[in-house]
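**Q** Task: produce atomic coordinates for the following.
(chains A and B)
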Amino acid sequence: MTEPISNLQAALQSGQFVFTGEIGPPKGTNVAPCLHEAEEFLKGTVAAVNVTDIQTAVMRVGSLAICRLLKERGIEPVFQMVCRDRNRLALQSDLLSAAVLGIRNVLALTGDHTTLGDHPEAKPVYDLDSAGLLEAIVNLEGGHDMGHDMKGNPNTLDGAPSFFKGCCVTPCSSSVEAQIIKLELKVAAGAQFVQTQAVYEPQRFEQFMRRIEHLKVPVLVGIVMLKSAGMAKYMNRSVPGVSVPKALIQRLADADKKDLPKVSTAIAAELVRAMRPCCQGAHLMTLGWDRHVPDIIAQATA
Amino acid sequence: MIVAERKPLDEILNMLAPCKRVLALGCGGCVSVCLTGGEKQAAELAVQLRLAARRKKLDLAVEVDCITRQCDREFLTNLKQDPRTFDAVLSLACGCGVGFLSEQYPDVPVLPAMNTTFYGSNTAPGVWEEYCRGCGDCVLAWTAGICPVAKCSKSLLNGICGGTKDGKCEVNPDMECGWSRIYDRLAELGRLDEMRKLRPPRDYRKDRGGGVRRLVLASMTADDQTREAKE
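**A** Here you go, the predicted structure:
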């Protein structure tokens, strides 16, 4: 076992069930509310906090800046990096920047397509894919970038970074075999932990976990809070690889509006409890309802 | 083949604003096959322009011609009209034709009537689809003949992303997921191991990253040089 370079890695290596959280940077310079949410509800509650990288291709403050601001507040960040907006020069440069800013966890993602966001006219980059990005990170850790000198030797870095490297997978995808092949590639490329897309079907997740046992990599199951029956139906319609069972939608539909946070929290906690035996942690995505994270964890671990 | 679509009539009329005499020039190549820029479409465009000119009380005369290929010097001799006698040539060829003709007739503006869109094939009556991006480094040998550069909206080389749903792409539910198709086809062929190999990042110098691309056949250019030397 390698010496852990982050609290997240240490927590996963210790064998305890790990919780992580997530915040989305704001559109505009007013970062106070998102930092407040993180300090108030996530600090000390979760092992690390993901910061999304221009999530759903909607322009906003960068992940790197918020990661650093979290770190200054004693919260360990996970720097999400998508391949959509930067070529290999910028990706590698930002990785070095992250390292010098003290960021130790990186999550390599492909990134939602530009046309899904609020700048659909933008040029999609995808110079590297998520597997290529992981390889590039490992390369930097080895003291080299992807470039070569005049003699064809790889460039040498003056100081190499170290990261705890993660990737994502969609366990309930309609194309699960193809997803597993991709996951195998990402682990071969250097991924040390896995975070999943939202899961609402514990049985399907358990089957998935059995199929990736050979990878021997810790998995944090993704839990997205269902804020209403409408949102659950929207996810079924529009979010690839996510299907919310009818029974859950019914529970949300039957709930009084004022009780929705309570029901939503209970559902999230039940999902974690159900999947806890077959994975190493849960990644909680609250979509702004971070105030319920302490309750989810309390109920899930009770 | 190269697929191109006709520009909206208003955009063409704006381009032609300073002109009184215009040659609508069709191309018998690719755009003729995709039924957008051939002889028939040049004649139709001429009719539309004449009607619009009458409606807008513009002094605009439009003649029609068509040659086998506008991107090839040898077919220029087949022109029935002399481009140099017009205020502008309105080319219904792809961008190659417009660019090449502009060089051949430096004194006449050659204007594009088309938007050149992609390299594709006819997949159903009236439907043309993109098959190739001209990336300069073909990978079809290990992707079962389905191009991830052209058929995946993110042009990913290392397999499927999380945006696939029931074989469709996150960009549009009517768009097939290229990697889902590649997976299915490789599975049918018993060649899924091809997907288990990590592919290196692309060398974009072979794509547009190295600037303007050209094909130079050493054998032919060498001949030219020897001939020139002899002369």
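**Q** ok, the residue lying closest to residue A:126 once chain neighbours are set aside to residue B:164 distance?
**A** Excluding the flanking residues, the one nearest residue A:126 by C-beta to C-beta, 6 or more residues apart in numbering or on different chains is residue B:154, at 4.6 Å. For the C-beta atoms, the positions are set from N, CA and C on the backbone; glycine is no exception. From residue B:154 over to residue B:164 the distance is 11 Å, taken as C-beta to C-beta, to the nearest Å.
**Q** Return the residues in contact with residue B:99.
**A** Contact partners of residue B:99, counting by C-beta atoms under 8 Å, 6 or more residues apart in numbering or on different chains, are absent.
**Q** As a check, name the ranges of all helices in chain B.
**A** B:9-15, B:30-33, B:39-55, B:95-104, B:148-151, B:178-188, B:218-230 (DSSP state H).
**Q** Now render the ones you listed as JSON lines, adding mean pLDDT.
**A** Conversion of the helices of chain B to JSON lines gives the following (pLDDT from 0 to 100):
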{"stretch": "helix B:9-15", "mean pLDDT": "97"}
{"stretch": "helix B:30-33", "mean pLDDT": "96"}
{"stretch": "helix B:39-55", "mean pLDDT": "97"}
{"stretch": "helix B:95-104", "mean pLDDT": "98"}
{"stretch": "helix B:148-151", "mean pLDDT": "98"}
{"stretch": "helix B:178-188", "mean pLDDT": "98"}
{"stretch": "helix B:218-230", "mean pLDDT": "71"}
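**Q** so who does the residue nearest to residue B:213 when sequence neighbours are not counted touch?
**A** Distances taken as C-beta to C-beta, 6+ apart put residue B:136 closest to residue B:213, at 6.9 Å, once the chain neighbours are dropped. By C-beta under 8 Å, 6+ apart, the contact set of residue B:136 is B:206-207, B:213.
**Q** so can I have TSV of the residues you listed showing neighbour count?
**A** Output for the contacts of residue B:136, formatted as TSV (neighbours: other C-beta atoms under 10 Å in any protein chain shown):
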residue	neighbour count
B:206	14
B:207	16
B:213	11
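**Q** what about the helix ranked longest in chain A, average pLDDT?
**A** Counting by DSSP H, the longest helix found in chain A is helix A:260-275. Average pLDDT, helix A:260-275: 98.
**Q** same check, this time on stretch A:188-199
**A** Rounded mean pLDDT across stretch A:188-199 is 98.
**Q** anything in that stretch near chain B?
**A** Yes - residues of stretch A:188-199 contacting chain B under C-beta under 8 Å from any C-beta of the partner chain: A:188-189, A:197.
**Q** Identify the residue spatially nearest to whichever residue of the stretch 201-302 of chain A sits closest to chain B, adjacent ones excluded.
**A** Closest contact between the stretch 201-302 of chain A and chain B, by C-beta to the nearest C-beta, is at residue A:240 (3.8 Å). Nearest residue to residue A:240, sequence neighbours excluded (C-beta to C-beta, 6+ apart): residue B:165, at 3.8 Å.
**Q** Read off the pLDDT value for the residue nearest to residue A:126.
**A** At residue B:154, pLDDT is 98.
**Q** where do the helices sit along the stretch 201-302 of chain A?
**A** A:202-211, A:229-238, A:246-254, A:260-275, A:293-301 (DSSP state H, counting those that start in this stretch).
**Q** Out of the ones you listed, the one nearest residue A:184 is which?
**A** Closest approach to residue A:184 among the helices of the stretch 201-302 of chain A (C-beta to C-beta): helix A:202-211, 10.5 Å.
**Q** If you count contacts, what does the closest one end up packed against?
**A** helix A:176-189, helix A:260-275 (3 or more C-beta pairs under 8 Å, 6 or more residues apart in numbering or on different chains; DSSP states H and E).
**Q** Contacts for the shortest one, please.
**A** Translated: helix A:176-189. Contacts of helix A:176-189 (C-beta under 8 Å, 6+ apart): A:108, A:130-132, A:134-135, A:138, A:167, A:169-171, A:173, A:191, A:194, A:208, A:211-212, A:215, A:217, A:241, B:158-162, B:164, B:179-180, B:183, B:187, B:192, B:195-196, B:198.
**Q** which bits of the stretch 101-250 of chain A sit near chain B?
**A** A:110, A:112-113, A:115-116, A:124, A:126-132, A:135, A:146, A:168-170, A:173-175, A:177-179, A:181-182, A:184-185, A:188-189, A:197, A:240-241.
**Q** In ChimeraX, select just the buried ones from those.
**A** Selection of buried members from these for ChimeraX, criterion 16 or more other C-beta atoms under 10 Å in any protein chain shown:
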select /A:110,112,113,115,124,126,127,128,129,130,131,132,135,146,168,169,170,173,174,175,178,179,181,182,184,185,189,197,240,241
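**Q** State the distance from the closest residue to residue A:298 other than its chain neighbours to residue A:171.
**A** The spatially closest residue to residue A:298, leaving aside those adjacent along the chain, is residue A:269, at 8.0 Å (C-beta to C-beta, 6+ apart). Using C-beta to C-beta, residue A:269 is found at 19 Å from residue A:171.
**Q** Next: residue A:182.
**A** Residue A:182 is 12 Å from residue A:171, by C-beta to C-beta.
**Q** and chain B, which of its residues are near chain A?
**A** B:153-167, B:170-171, B:177, B:179-180, B:183, B:187, B:192, B:195-196, B:198, B:200-202, B:204.
**Q** If we use 6 Å, what do you get?
**A** Residues of chain B lying close to chain A (C-beta under 6 Å from any C-beta of the partner chain) are B:153-156, B:158-166, B:170-171, B:180, B:183, B:195, B:198, B:201.
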